[in-house]
Structure formats: C-alpha cells, structure tokens
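In: Build the 3D model from these lines:
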Amino acid sequence: MEWRDEGFVLAARPHGEGAAVVQILTREHGRHAGLVHGGASRSKRATVEPGNLVDAVWRARLSEHLGRFTIEPSRHTAAQIMDDPARLAALSAACAVTETVIPEREPHPGLFEATAALFDALTHGDQEIWPAVYIQWEMGLLGELGFGLDLQACAATGVTTELVYVSPRTGRAVSREAGAPYADRMLALPSFLQPDGRGQGATAADFTAGLRLTGHFLSRHAFDPLDRPLPPARTRLESLVSRDSDSPEAEGEKDTPVS
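Out: Numbers count the residues shown, from 1 in each chain. I've put the predicted structure just below:
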C-alpha cells in the first residue's frame with residue numbers, strides 16, 4: 001500500500017539504531033505514524049522537528065502495519081520562532097495535544113486547516129493576535145471532538161451582553177449578573193471571546209484565562225477519559241503565560257500583549 005500527503009510533524013521518537021517513529025497530522029489521512037529511517041540522526045533530526053510541514057509518502061505491505069515514511073520538509077516552523085519562548089511553547093503544546101487526543105488514521109481536514117492557520121499565526125502573527133488564535137484553535141479542537149463550547153448567550157437568562165463567565169459544568173456562557181452569586185466557581189470568559197470583543201487580540205491576562213478555560217474542558221472531555229493529564233508541553237505553556245501575566249509589568253499594564 002502507498003499514499004502521498006502533506007502533514008505537520010507532531011512527534012518523533014527514536015526507534016532502534018538511528019530510526020524514528022514519526023507522528024504526522026496529514027490533510028487526508030488524519031494522524032498517522034510511520035518509521036523514518038535515519039530519523040534520529042543528526043542529518044534528519046531537523047526535518048522531523050514537531051511543527052514542521054512535510055511532504056510524506058507512506059508505504060506498507062498491509063494497511064494495519066506501522067509502515068515507513070519518506071518525508072521531505074516544506075517549512076521548518078520551529079526554526080522560525082526559536083527565539084520566542086512563548087510561541088515555541090504554543091507550537092509544542094498544539095503538537096502534543098493533537099498527538100494525544102486525535103484518533104489515529106481518522107481524517108480531520110478541518111483540524112488540519114485550523115492547525116495550518118495557527119502555525120501561520122505563530123510565525124507571522126502580531127504579539128496580541130497569535131494567543132487569541134491559539135485559544136480559538138483549542139476551542140475548535142474541542143468542537144472536533146464533539147465537546148464544543150457555547151458562548152453565544154447566557155445559559156441562565158439568554159442575554160447576549162455582559163458575558164464574562166463560563167460554566168465549568170456545561171461549557172456555556174453566563175452573564176455577569178447571573179453568574180455573580182457563583183463567581184468563585186465560574187471560569188472567566190476572556191474579553192476577546194465575548195460577543196463585543198470578537199476579532200480583538202489577547203493580553204497576557206486574557207491568554208491565561210483562555211488557557212484555563214480550554215484546559216479545563218480538554219482535561220475533562222479528552223484527557224480524563226484516557227486517564228492521562230494534560231501533556232507537559234501544554235502545562236509548560238500555561239505556566240509560562242501565567243508567570244508573564246502575574247509579573248509586575250503585566251499588573252501595571254493590563255493591555256500589554258504576550259511577549
């Protein structure tokens with residue numbers, strides 16, 4: 001059997017002497033694994049860096065076999081953001097989350113396109129734009145898994161204004177007035193996800209709130225059923241952004257974008 005597709009490298013793990021088992025999110029074949037000969041070697045290590053866009057050919061005698069990849073790099077995404085810890089952490093987190101929760105060999109063309117948009121934002125987006133795109137990407141991933149959030153109107157009253165909370169149980173938006181008695185139990189709805197803030201960028205504080213929001217539902221719906229925690233890469237991203245949000249500089253400048 002043989003097919004050709006383009007895809008984003010999600011992970012590469014050493015296998016045997018010099019080879020690597022590489023996981024790729026492809027456009028038409030979903031998340032797919034294959035053996036890359038020499039994938040752990042110094043000459044090919046840069047090709048299988050997570051986040052890279054590659055042209056891949058997969059071959060196997062039977063469809064259920066692991067098979068082998070022949071890959072050629074199209075874009076070295078990680079290399080473009082190597083000097084920006086926050087963007088690099090977001091890239092690693094997106095790859096790790098996708099590898100864990102997306103079933104293997106199940107096509108998700110919408111997720112592939114959303115991931116391409118996210119990686120474009122990470123490499124070329126403004127400092128206040130890419131964090132918002134990342135949160136929207138995680139929300140889209142939840143929707144792809146069948147657990148989309150409903151942020152259009154208040155779950156209690158139906159109003160579409162002053163939506164500042166999200167119910168941690170239902171994933172539905174809640175207005176300031178309706179949620180006030182339960183504020184300590186609610187998740188914050190970042191301003192860029194509120195109806196009157198759509199299309200805006202995200203400050204470090206907004207990004208932190210967004211990561212806590214999507215992280216709660218990813219844990220509950222995607223990782224807890226697998227009896228696994230959020231990937232370390234995702235946890236590192238939240239810790240990094242939360243640290244920046246809590247810094248004295250961010251406290252004094254609430255509108256400061258993520259650096």
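
In: What is the subsequent helix or strand relative to the strand ranked longest in the chain?
Out: In the chain, assigned by DSSP state E, the strand with the most residues is strand 2-15. Scanning forward in sequence from strand 2-15 by DSSP states H and E, the next helix or strand is strand 19-26.

In: Identify the residues contacting that next one?
Out: With CB atoms under 8 Å, 6 or more residues apart in numbering as the test, strand 19-26 has contacts from 5-15, 31-40, 44, 48, 54, 56, 66, 69, 71, 98-99, 102, 108, 111-112, 115. Quick note: C-beta positions are derived from backbone N, CA and C, even for glycine.

In: and if you look at stretch 136-148?
Out: Taking CB under 8 Å, 6+ apart as the rule, stretch 136-148 contacts 94, 97-98, 101-102, 108, 110-111, 114-115, 117-118, 149, 171, 193, 210, 214-215, 217-218, 221-222.

In: Give the rounded mean pLDDT of it.
Out: Mean pLDDT, stretch 136-148: 96.

In: quick revisit: what angle sits between the longest strand of the chain and strand 19-26?
Out: Here the directions of strand 2-15 and strand 19-26 differ by 130 degrees (axes from the mean of the first three to the mean of the last three CA atoms, to 10 degrees).

In: Mind giving me the packing neighbours of strand 2-15?
Out: For strand 2-15, the elements it packs on are strand 19-26, strand 30-36, strand 53-59, helix 85-101, helix 109-124, judged by 3 or more CB pairs under 8 Å, 6 or more residues apart in numbering; DSSP states H and E.

In: one more time with 6 Å
Out: Counting contacts by 3 or more CB pairs under 6 Å, 6 or more residues apart in numbering; DSSP states H and E, strand 2-15 is packed against strand 19-26, strand 53-59, helix 85-101.

In: In it, which residues are buried?
Out: For strand 2-15, burial by neighbour count (16 or more other CB atoms under 10 Å) applies to 5-12, 15.

In: Between all of those, which two are separated the most?
Out: Spatial extent of the buried residues of strand 2-15 (CB to CB) is set by the pair 6 and 15 at 22.9 Å.

In: nearest to residue 177, of the helices and strands packed on strand 2-15?
Out: It is, among these and with distance given as CB to CB, helix 85-101, at 34.2 Å.

In: Which strands and helices lie in contact with the closest one?
Out: Helix 85-101 sits against strand 2-15, helix 232-245, with contacts defined as 3+ CB pairs under 6 Å, 6+ apart.

In: Could I get the helices and strands packed on strand 2-15 in TSV, plus columns for mean pLDDT, mean neighbour count and distance to residue 228?
Out: Putting the helices and strands packed on strand 2-15 into TSV (pLDDT from 0 to 100; neighbours: other CB atoms under 10 Å; distance: least, CB to CB, whole Å) gives the following:
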stretch	mean pLDDT	mean neighbour count	distance to residue 228
strand 19-26	96	23	16
strand 53-59	96	18	27
helix 85-101	97	22	7
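
In: Tabulate these in CSV, adding columns for distance to residue 237.
Out: Converted to CSV, the helices and strands packed on strand 2-15 look like this (distance: least, CB to CB, whole Å):
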stretch, distance to residue 237
strand 19-26, 18
strand 53-59, 21
helix 85-101, 4
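
In: Which residues lie in contact with residue 213 in this structure?
Out: 166, 187 (CB atoms under 6 Å, 6 or more residues apart in numbering).
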